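*Asks:* okay, here's the prediction I keep looking at, along with the sequence it came from:
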Amino acid sequence: MEKEATTPRPVCAQEALALLNCAAENPYDRDKCLALLDALRECIAQKKVKKFSLAEAGSTSTTEAPKSK
């Protein structure tokens, strides 16, 4: 019998991703993003999240976002 390795999904990942994508949209829709922020806050409160962190994906190199001029 084969066991499938599944990576657990981070708590409130869907809500956080939706908020980040909203902030990146052009044109920026502040009201939509505020609604998504409220949804993320609700998830955090419901799941009793105290802190988030970003983990390296098994690589030693780091990636930087391009700096705007």
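*Replies:* That came in fine, so what should we check first?
*Asks:* do you know the pLDDT at the nearest residue to Lys32 once chain neighbours are set aside?
*Replies:* The spatial neighbour of Lys32 that comes closest, neighbours along the chain excluded (C-beta to C-beta, 6 or more residues apart in numbering), is Cys22 at 5.7 Å. Backbone N, C-alpha and C define where each C-beta goes, glycine included. pLDDT recorded at Cys22 is 98.
*Asks:* same check on Cys12?
*Replies:* At Cys12, the model reports a pLDDT of 93.
*Asks:* which residues does the closest residue to it other than its chain neighbours contact?
*Replies:* Counting by C-beta to C-beta, 6+ apart, Cys12 lies nearest to Cys43, which is 4.0 Å off, once chain neighbours are set aside. Counting by C-beta atoms under 8 Å, 6 or more residues apart in numbering, Cys43 touches Val11, Cys12, Glu15, Val49.
*Asks:* neighbours of the first one, how many?
*Replies:* Put plainly, it is Val11. Counted with other C-beta atoms under 10 Å, the neighbours of Val11 add up to 14.
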